[in-house]
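Trainee: Next come a sequence and a model predicted from it.
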Amino acid sequence: MDDKKYVNAQITDKLDESSLPVLDGTLGPAAVDIQTLYSRHGLLAYDPGFRSTASCKSSITFVDGDKGVLLYRGYPIEELAEHSDFVEVAYLLMHGELPTPAQRHEFDAAIGMHNLLHEQIMTFFRGFRRDAHPMAVMVGVVGALSAFYHDVMDIRNPEDRLRAAIRLIAKMPMIAAASFTYSAGRPQRYPNNKYDYSSNLLQMMFGAPNQEYAVDPVLARALDCILILHADHEQNASTSTVRLAASSGANPFACIAAGIASLWGPAHGGANEAVLKMLMEIGSVENIPKAIARAKDKNDSFRLMGFGHRIYKNFDPRSRVIQQQAKNVLTHLGKNDPLLDIAMRLEEIALKDEYFIERKLYPNVDFYSGILLRAMGFPMNMFTAVFAVARTAGWVSHWLELQHESHGIDRPRQLYVGSTLRHYPGERQPKLVRK
Ligand code: SDX
């Protein structure tokens, strides 16, 4: 028997001093409550990457990765994508129920009241280099909102919290659009409340102040669908970042800026831009086998971007909806994007390959979203910015939810593997005396 020690945990109804309670949720796996593991047993739980860790209780979104199920407050994502709109979904995520007509009218009015930026914030954009990545601009500008609203909000006041959440949802489209128009040297358009939320983002992105902008309803619907699909996804990296920052009592604008920074990574929300760069690098259907070989080669850092997911070991239900939207928009615009052909052939080949089958690697939400956004005219470096606009609804909903938690600041521990105690040596090299 080696000298290693093991904890043999069985689920039982026998209660003794070593027992840890098992908590049942309404859906999904049960959780062992290990909050007293250290205080009672002097043990820590080791879970790098949090593959087996429930960081909180939440009622907002449920994901069943094995079945490819995604529910927002119990409603299937496919039904919301087909029948709802992003503003209604944002209300649902924040409040837990679909709005009544009166509540929807009030929510629309609140967003319309808060969708402008303080004029002094507009000067922030001019402080960035013209070629700054829009995500760098968004992190900076959203964080800077703290300087404009922190003294008019008390996060202990529910009304102030709700107003801050609405301000963030309302202002993100203008911040995203201004990040792009500034880099393109184009005059910034302002929101116009005659447009709905997604149409406003389109007109601020692609309109010009000297002419009317005719919203293409097919593009507005496709963008609204993208925003719905990206609105929330339980405790993903960026949402967990927001929750961790919020647990210290930081103001919501700073917390959302932290979430934007985390979303930017290519392993997370930055993957949609990385997918398009990968498809461009592959260049043709003939090069797919080489790309798949590289993705399987452990000595090659190349990965099939847009494939795989920490939770989905089946199809990401969002990727199917986005693929269909991409086809609809390309057909509507009479465009043919060879990258869509490469993506679909890549998916077809990969899903028959043992390496991907064995590891349950399927296309995720990012695999087709870049193709759809590109078809709509969004530049590649704006893809993750659009993701951030959508995910703000989820981030603020989790921020609101955690205000009712009572476990205090999130402070993970570690398994220390560094130097044991040692003392500073007595005689040391004489300090260099500079003449
Ligand atoms: C999003 O968490 C969320 O909910 C995120 C998100 C949301 O809505 O918030 O859904 C949005 O971020 C989607 C994911 C976008 N990222 C990408 O598409 C980047 C490419 N994907 C991989 O980087 C990866 O799949 C992750 C990061 C998404 C998941 O990584 P995991 O769960 O840590 O998986 P892993 O690295 O442990 O991989 C398991 C195996 C490994 O091989 P072995 O060591 O077992 O031999 O699968 C391989 C990996 O090498 N693998 C891949 C691969 N992804 C995993 N091999 C090739 N190409 C890939 N894309």
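Mentor: Here it is on my side, so go on.

Trainee: From here on, just use CA atoms for contacts and neighbour counts.
Mentor: OK.

Trainee: and the stretch 301-435 of the chain, which of its residues are near the ligand?
Mentor: 303-310, 359, 364-366 (Cα under 6 Å from any ligand atom).

Trainee: Next, please give the residue ranges for the strands of this protein.
Mentor: Taking DSSP state E, the strands of the chain run over residues 22-23, 31-32, 61-64, 69-72, 75-76.

Trainee: of all those strands, which lies closest to Ile11?
Mentor: Nearest of these to Ile11, taken as Cα to Cα: strand 22-23 at 7.9 Å.

Trainee: that older thread, so which of the strands of the chain is the most surrounded?
Mentor: Highest mean neighbour count among the strands of the chain (mean count of other Cα atoms under 10 Å): strand 69-72, with a mean of 22.

Trainee: just checking, what packs against that strand?
Mentor: On a contact count with 3 or more Cα pairs under 8 Å, 6 or more residues apart in numbering; DSSP states H and E, strand 69-72 meets strand 61-64.

Trainee: and the strand it packs on, which strands flank it?
Mentor: strand 69-72 (antiparallel) (DSSP bridges).

Trainee: How about the strand it pairs with and the ligand, any contact?
Mentor: No: using Cα under 6 Å from any ligand atom, we find that strand 69-72 stays clear of the ligand, coming within 10.2 Å at best.

Trainee: contacts for that strand?
Mentor: Here strand 69-72 makes contact (Cα atoms under 8 Å, 6 or more residues apart in numbering) with 60-64, 76-77, 92-93, 232-233, 316-317.

Trainee: Redo these as TSV? Include pLDDT.
Mentor: Putting the contacts of strand 69-72 into TSV (pLDDT from 0 to 100) gives the following:
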residue	pLDDT
Ile60	98
Thr61	98
Phe62	98
Val63	97
Asp64	97
Pro76	98
Ile77	98
Leu92	98
Leu93	98
Asp232	98
His233	98
Asp316	94
Pro317	96
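
Trainee: any idea which of those is closest to the ligand?
Mentor: His233 (4.8 Å; Cα to the nearest ligand atom).

Trainee: I figured that closest one hits Val63, correct?
Mentor: Yes: look at His233 against Val63 with Cα atoms under 8 Å: they come within range, at 7.4 Å.

Trainee: The ligand contacts on the stretch 151-300 of the chain?
Mentor: Residues of the stretch 151-300 of the chain lying close to the ligand (Cα under 6 Å from any ligand atom) are 233, 236-237, 267-269, 271, 295-296.

Trainee: quick one: which two of the residues you listed are the most distant?
Mentor: Using Cα to Cα, these span at most 27.6 Å, a distance reached by His233 and Lys296.

Trainee: Looking at the two, which is more packed in?
Mentor: His233 (20 against 16; other Cα atoms under 10 Å).

Trainee: where in the chain is pLDDT low?
Mentor: 1-2, 150-152, 428 (pLDDT under 70).

Trainee: Going by length in residues, pull out the top helix of it.
Mentor: Under DSSP state H, the helix in the chain containing the largest number of residues is helix 158-183.

Trainee: What residue in the stretch 51-200 of the chain comes nearest to the ligand?
Mentor: Residue nearest to the ligand within the stretch 51-200 of the chain: Arg51 (8.0 Å; Cα to the nearest ligand atom).

Trainee: any idea how far that residue is from Ala350?
Mentor: 25 Å (Cα to Cα, to the nearest Å).

Trainee: between these two, which one's more packed in?
Mentor: The neighbour comparison of Arg51 against Ala350 (other Cα under 10 Å) goes to Ala350, with 21 against 9.

Trainee: What about the closest residue to the more buried one other than its chain neighbours, how many residues nearby?
Mentor: With Cα to Cα, 6 or more residues apart in numbering as the criterion, Ala350 has its nearest non-adjacent residue at 6.3 Å, and that residue is Phe356. Phe356 has 18 neighbouring residues, counting by other Cα under 10 Å.

Trainee: Does Phe356 touch Glu348 like I think?
Mentor: No: contact criterion Cα under 8 Å: Phe356 and Glu348 do not qualify, at 11.2 Å.

Trainee: about what we covered before: from the residues of the stretch 151-300 of the chain next to the ligand, which single one is nearest the ligand?
Mentor: Using Cα to the nearest ligand atom, those come closest to the ligand at His268, 3.1 Å.

Trainee: list the contacts for the closest one?
Mentor: Per Cα under 8 Å, 6+ apart, neighbours of His268: 237, 262.

Trainee: Distance of it relative to Lys57?
Mentor: Distance, His268 to Lys57, by Cα to Cα: 22 Å.

Trainee: Equivalent analysis for Ile292, please.
Mentor: 39 Å.

Trainee: Counting neighbours, which of the residues of the stretch 301-435 of the chain next to the ligand comes out on top?
Mentor: For these, the largest number of neighbours (other Cα under 10 Å) sits with Gly306, at 30 neighbours.
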